[in-house]
Each structure stands twice: as C-alpha cells, then as structure tokens.
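>>> show me how the following folds:
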Amino acid sequence: MAGENGAEGGSGLSIHPMDQFIVKPLFGDGPVGMFTVTNVTLWLALAVGCVALLMVIATRGRNIVPSRGQSVAELAYGFIYKMVEDVSGRDGLKYFPYIMTLFLFIVFANFLGLIPMSFTTTSHIAVTAVLALAVFLTVMVLGFVKNGAAFLGLFWVSSAPLALRPVLAIIELISFFVRPVSHSIRLAGNIMAGHAVLKVFAGFAAVTAVAPLAIIGMVGVYALEVLVAFIQAYVFTILTCVYLKDALHPGH
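Numbers count the residues shown, from 1 in each chain. Here you go, the predicted structure:
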C-alpha cells in the first residue's frame, strides 16, 4: 500500500541508511581529493579536541577535591592503567600513554557520532584500518627490537606435539597477519551497522501507522548504541594490550 500510494501521490517511503556515511567536502561541492577538508576531517579534529579538553584543560588545576572533568579523567586513567597492567604486565605500562590516547580517541569518536546530524568517523574502514595498522606495526617492530629472533617463537607452539608444530606455525602466522583486518573491521562494522539500523527506524518513524513502534525502536537501538560505543572502544583497546603482551613475552 505504501508503495502504491507513493507511486500515485508522487511521494513514498524512501530510506537510504548508508547516505550518512558519504564523505563530503566541508566547503563547496567539488570532488574529494587527497588534501580536501571533509566532514571526516572535521569530526576527527573534534574527537582530538575532546581528548585534549578532558586530559589537558579539565585536569589543569589538579585539585585535591577534583572537579567533574578531573574526576572523569582520573576514572579513565585508572581504568586503562589497570587494564594495561592486568593484560600486558608491568612491562607494558611504559606504553600506557599510547594505549590511553587510543582508547580516548575511539570513545570520543564513537560518542560524537551519536549526536544527531554528526558524522561517525569510526564507521569508516579507512579510519579504523589506520588505527589497527599502527597497532600491528608497533607490536611487530617492538617484538623484534625487544626479543630479536626469539620473537618468532610466538608462531612456534612448543607445547604441542612435534608433528603438529609446523601446521600450527602456519596457522599462527596467518592469524597474526590477519589481526589488523579483524581489528579494524570489528570496530567499523559494529558502528556502521548500529547507525544504519537507527536510520532505518528513523525512516519508518515518518509513517503514521508505525510511528509509535518506530520511535520506541529508535530509543532502544540508541540506548544499545551508547553501550556499543564504549564496548567497541574497550574491545579495540584490550586487544591492543593482548597484542602488546605477545610482543613483550612471545613465548607460549
């Protein structure tokens, strides 16, 4: 019925959930080039600005009785510090600033994307792939610098029967080089899927007959997306800690 009414009346239900992920120039309507300032550039800069605002401006006073901003910064600091220590060990704490920055950037990018009319930068594989490749290359370089050729022990499962070790070594090698792919797709895929579902519910909210159900669905999905925004940042960060542990302690 909706399709027929749309055809007769010249209007109908039209939902394009993927349009929200289109990269557009911030100024003008020309093509997007290598140095074009786009909506992605804007929201990436805002995410960086939010991290600086929280960790630099909000903690500038360092009062004994902390302000709200300082309390949030200290809570985030303690949370990530404990994660790095528990997963990567004491040796991993020297890399805590990098992991802390990574977590805060992803959290703010995810939450900024929940603002209506905003752009979710972490829904693009181009953004998450750069983050994942940076982690992958850091871990690989660190592993060889710290352990030399002993880092290759990461791929040799010495506890397995000798006959199975070559096969397991190939599997371990493949899984190691697949890490940046799974690391990046997991974050981008989850964020993109949630926002697409939100857009679909928003489209149905324009139809009078199902508007109440669509609005209830939007509220439920939005609440879930708030949770996903934090969980995906947490998962990305804890996997980084796991990979860091492999670089520091490659033995099985």
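>>> so Lys146 touches Ala247, yeah?
Yes. Lys146 lies in contact with Ala247 (Cβ atoms under 8 Å); the separation is 6.6 Å. Using the backbone N, CA and C atoms, a C-beta is placed for each residue, glycine as well.
>>> neighbour count: these two, which is higher?
Each of Lys146 and Ala247 has its neighbours counted (other Cβ atoms under 10 Å); Ala247 has more, 23 against 14.
>>> chain neighbours aside, what residue packs nearest to the more buried one?
Gly143 (3.8 Å; Cβ to Cβ, 6 or more residues apart in numbering).
>>> could you measure from that neighbour over to Leu154?
7 Å (Cβ to Cβ, to the nearest Å).
>>> between those two, which contacts overlap?
246, 250 (Cβ atoms under 8 Å, 6 or more residues apart in numbering).
>>> those two: which is more packed in?
Just comparing Gly143 and Leu154: by other Cβ under 10 Å the higher neighbour count belongs to Gly143, 22 against 19.
>>> where's the more buried one, which helix or strand?
For Gly143, the host element (DSSP states H and E) is helix 125-147.
>>> model confidence over that helix, on average?
On average, the pLDDT along helix 125-147 is 94.
>>> quick one: residues contacting Leu248.
88-89, 91-92, 142-143, 146 are the contacts of Leu248 under Cβ under 8 Å, 6+ apart.
>>> what does Ala196 give?
17-18, 20.
>>> next SSE downstream of the helix or strand harbouring it?
Assessed by DSSP H and E, Ala196 sits inside helix 165-204. Per DSSP H and E, the first helix or strand lying C-terminal to helix 165-204 is helix 211-248.
>>> for the record, mean pLDDT for that following helix?
On average, helix 211-248 scores 92.
>>> quick one, it and helix 165-204 angle?
Relative orientation of helix 211-248 versus helix 165-204 (axes from the mean of the first three to the mean of the last three Cα atoms, to 10 degrees): 160 degrees.
>>> buried residues in the host helix or strand of Ala52, which are they?
According to DSSP H and E, Ala52 maps onto helix 39-52. Neighbour-count burial for helix 39-52, counted by 16 or more other Cβ atoms under 10 Å, picks out 39-41, 43-44, 46-47, 50-51.
>>> for that helix, packing partners?
helix 96-112 (3 or more Cβ pairs under 8 Å, 6 or more residues apart in numbering; DSSP states H and E).
>>> where are the low-confidence patches of the protein?
The model of the chain has pLDDT under 70 over residues 1-13, 251-252.
>>> which of the contacts of Leu248 has the most neighbours?
Ser88 (25 neighbours).
>>> following the chain onward from the helix holding Ala52, which element is next?
Per DSSP H and E, the helix or strand that comes after helix 39-52 is helix 68-88.
>>> dump the contacts of Leu248 to a markdown table, plus distance to Ala134.
Below are these laid out as a markdown table (distance: Cβ to Cβ, whole Å):
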| residue | distance to Ala134 |
| --- | --- |
| Ser88 | 17 |
| Gly89 | 21 |
| Asp91 | 20 |
| Gly92 | 16 |
| Leu142 | 12 |
| Gly143 | 15 |
| Lys146 | 18 |
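>>> and Leu239, what does it touch?
His183.
>>> ok, it to Lys245 distance?
With Cβ to Cβ as the criterion, Leu239 and Lys245 are 11 Å apart.
>>> and for His16?
His16 is 43 Å from Lys245, by Cβ to Cβ.
>>> okay, the two: which has more neighbours?
The neighbour count for His16 versus Lys245, taken as other Cβ under 10 Å, is higher for Lys245 (17 against 11).
>>> the more buried one contacts Val87, doesn't it?
Yes. Counting by Cβ under 8 Å, Val87 is a contact partner of Lys245 at 6.1 Å.
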